[in-house]
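Peer 1: Pasting the sequence and the predicted coordinates here, then a few questions.
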Amino acid sequence: MKRLPPEALDRIYAAIRAVPRGRVATYGWIAERAGLPRRARLVGHALRHAPRRLRLPWHRIINAQGRISFPRGSEPYAEQRRRLEAEGVHFLRGRVRLDQYGWRLTLDELLWKPRE
DNA sequence: GTTGTGACGACTT
DNA sequence: AAAGTCGCCACAA
C-alpha cells in the first residue's frame, strides 16, 4: 500500500523552481509536471513544509481558480500578492488570469513543438 | 485502527 | 456565481 516515491518531493520542488518570473502555475499543474497527477494537495503540503533555504518561488503557485490559497486579508495572502504584483502579475477582482500568466509547458512540448 | 483537516481540483447542482 | 460532493492522500490526534 505504498505510494509516494522517495524523489517525489524533489520533483515537486524542481517543478516549482521551473516557473519563470512573472508567471504562475497551479498546484495541479505542478503535481502533473512532477509526475504526480491528481496530487495537487501534496504540492500544497510540500510547499507548506519547504525549507526556506531552498529559495523556492512559492508565491508563483496559486490555485486552479487563479486565486491565492491563503485567506483573503491574512498576512501570507498579502505577501504572496505583493510578490506577484512586484513581478508584474496583475490581479483582477482578486484573481490572476491563468490564460495570461499561467505557465504550463512540459518538456515534451518544448522538444516536440518548438515551431510557430 | 479511525477521524478530521488541509497553500487542491474536477464536476454537479 | 456559489455551494456540494467526491477524489486524492499525508499527517496529527
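Peer 2: Perfect, I can see it now. Numbers count the residues shown, from 1 in each chain, chains lettered A, B, ... in the order given.
Peer 1: Now A:S69. Nearest residue, chain neighbours left out?
Peer 2: A:N63 (4.9 Å; CB to CB, 6 or more residues apart in numbering). C-beta coordinates here come from the backbone N, C-alpha and C atoms, glycine included.
Peer 1: which residues does that neighbour contact?
Peer 2: A:T26, A:Y27, A:S69 (CB atoms under 8 Å, 6 or more residues apart in numbering).
Peer 1: Need the pLDDT of it.
Peer 2: pLDDT for A:N63: 98.
Peer 1: Buried ones in stretch A:14-33, by neighbour count?
Peer 2: A:15-16, A:18-19, A:23-33 (16 or more other CB atoms under 10 Å).
Peer 1: Likewise for stretch A:51-59?
Peer 2: Neighbour count says stretch A:51-59 has A:L56, A:P57, A:W58, A:H59 buried, by 16+ other CB under 10 Å.
Peer 1: Just to check, the second one is in contact with A:A18?
Peer 2: Same thing as A:P57. No: contact between A:P57 and A:A18 fails when scored by CB atoms under 8 Å: they sit 9.2 Å apart.
Peer 1: Contacts for the longest helix anywhere in chain A, please.
Peer 2: In chain A, taking DSSP state H as the definition, the longest helix is helix A:75-86. Outside helix A:75-86, the residues within contact range by CB under 8 Å, 6+ apart are A:V24, A:W58, A:H59, A:R60, A:I62, A:I68, A:F70, A:P71, A:F91, A:V96.
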